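Q: Provided below for reference: sequence and predicted model.
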Amino acid sequence: MHNKILLTLFILNVVVLTACATVDKQQRTVYSTGNEPDHSISIQQCYPDSALRVATLNMAHGRKNSVNQLFVRKNTFKQNLDDIAGVLTRYRPHIVALQEADNASRWSGNFDHVAYLATAADYPWLTHVSNAEGWLYSYGTALLSALPPVETIKHTFEPSPPTLNKGFVLAEIEWPCSDDNKSRKVDVISVHLDFSRESVRERQIHEMLEILSARMKPTIIMGDFNSEWLAEASVIKELATKSRFVSYEPETGRHQSYKNKRLDWILITKDMEFTNYQVLPDSLSDHAMVLADIRFKQC
């Protein structure tokens, strides 16, 4: 967290803050590899109980454990992304939520990290929005998917200076949930909330829930909430106790994903349940990857 504050202060000294505005031209859905028929994973083939495997990771702009991405070489960025791809290949989640996911920008090697990772990890579909955009940087939230999206929504929250913009990306998928080819439409979301102020996080949560209230589908929300359950003011606790979402073992004090804090969460609607949940030990970022298997209580 200290590194993030230093980075923000640095940006404020060198970047015009008008770059915090939403940039629609960077909102896009890409079917990246061109090999959709070969890579559309049958959930029944992978999990007999029709579980959906998901993962979430704050990529830290591809810098891994370096203090700042400005000091990382392009080849090192690619090696770091290859390490993430290796973990995804090992565990094969059907859907991956990414935050601090960079488009081509000066501070992170001038190449699209999400497209590179999709190719390296063999994901045929991705959707990516640059929530923060400036001459130095271009990054936001993304989803990699082995299942084709039916619909996508990209959203940047209202600006919250002096911190840079945050937002979410949503993909609706068809989830095969039984052996007789029945399927359910599910919204899957990758979200990143502001790190500096609880009041901003609360506003962002309400902004997201207002959009979701018009959909009311089974929903999985993943990402970096910058909020702990046991904190005095906790948006993650409010979201999970005052809405239709539940989390996994929220009060245990385990599952730390950022140093000794649990900032990265997976939330599901109450028509689903967790069958597995783990924070992976691999060093991929200043955050850990969180992995879960989820299934419908009744299909």
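A: All right, it came through fine.

Q: ranges for the helices of the protein?
A: Listed in chain order, the helices of the chain (DSSP state H) span 2-14, 36-39, 43-46, 74-91, 113-120, 198-212, 235-241.

Q: excluding its backbone neighbours, what's nearest Gln298?
A: Asp271 (7.6 Å; CB to CB, 6 or more residues apart in numbering). For the C-beta atoms, the positions are set from N, CA and C on the backbone; glycine is no exception.

Q: separation between the one you found and Ile95?
A: Asp271 is 17 Å from Ile95, where distance means CB to CB, to the nearest Å.

Q: of these two, which one has the most company?
A: A direct count of neighbours by other CB atoms under 10 Å for Asp271 and Ile95 places Ile95 higher, at 26 against 15.

Q: okay, and the beta partners of the more buried one?
A: Beta-bridge partners recorded for Ile95 (DSSP bridges): Val54, Ser145.

Q: for it, give me the pLDDT.
A: As predicted, Ile95 sits at a pLDDT of 97.

Q: is it true that it touches Tyr123?
A: No. Taking contacts as CB atoms under 8 Å, Ile95 lies outside contact range of Tyr123: 9.0 Å.

Q: give the intersection of the neighbour lists for those two.
A: Leu144, Ser145, Ala146 (CB atoms under 8 Å, 6 or more residues apart in numbering).

Q: is there a neighbour count for the second one? I'd like the number.
A: What that stands for is Ser145. 23.

Q: likewise the last one?
A: By other CB under 10 Å, the residues close to Ala146 number 23.

Q: per-residue confidence for it?
A: With respect to pLDDT, Ala146 has a value of 93.

Q: gap between it and Ala55?
A: The gap separating Ala146 from Ala55 is 12 Å, by CB to CB.

Q: between these two, what contacts are shared?
A: What both Ala146 and Ala55 touch, as defined by CB under 8 Å, 6+ apart, is the set Ile95.

Q: where does pLDDT dip in the stretch 51-200 of the chain?
A: Residues of the stretch 51-200 of the chain meeting the criterion pLDDT under 70: 178-181.

Q: and Phe168, bridged to which residues?
A: Residues in beta-bridge contact with Phe168 (DSSP bridges): His155, Val191.

Q: likewise the one 4 residues further on?
A: According to DSSP bridges, Glu151, Asp187 are recorded as the beta-bridge partners of Glu172.

Q: burial count for it?
A: For Glu172, the tally of surrounding residues (other CB under 10 Å) stands at 17.

Q: surely it touches Pro218?
A: No. Assessed by CB under 8 Å, Glu172 is found out of contact with Pro218, at 10.2 Å.

Q: overlap in contacts, the two.
A: Common neighbours of Glu172 and Pro218 (CB under 8 Å, 6+ apart) are Lys185, Val186, Asp187.

Q: if any of those residues are buried, give me the PyMOL selection for them.
A: The PyMOL selection below is limited to those of these classed as buried (16 or more other CB atoms under 10 Å):
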select buried, resi 186+187
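
Q: what is the nearest of the shared contacts of Glu172 and Pro218 to Ser50?
A: Set against Ser50, the nearest of the shared contacts of Glu172 and Pro218 by CB to CB is Val186 (12.0 Å).

Q: for the closest one, give me its contacts.
A: Contacts for Val186 were tallied using CB under 8 Å, 6+ apart; they are Leu52, Glu172, Ile173, Glu174, Trp175, Lys217, Pro218, Thr219, Ile220.

Q: specify the beta-bridge partners of the last one.
A: According to DSSP bridges, Val188, Ile268 are recorded as the beta-bridge partners of Ile220.

Q: can you get me a residue count around it?
A: Using other CB under 10 Å, Ile220 has 24 neighbouring residues.

Q: could you check how many residues crowd around the closest residue to Ser160 other than its chain neighbours?
A: Leaving out its chain neighbours, the residue that sits closest to Ser160 by CB to CB, 6+ apart is Val200, at 4.6 Å. Neighbour count for Val200, taken as other CB under 10 Å: 19.
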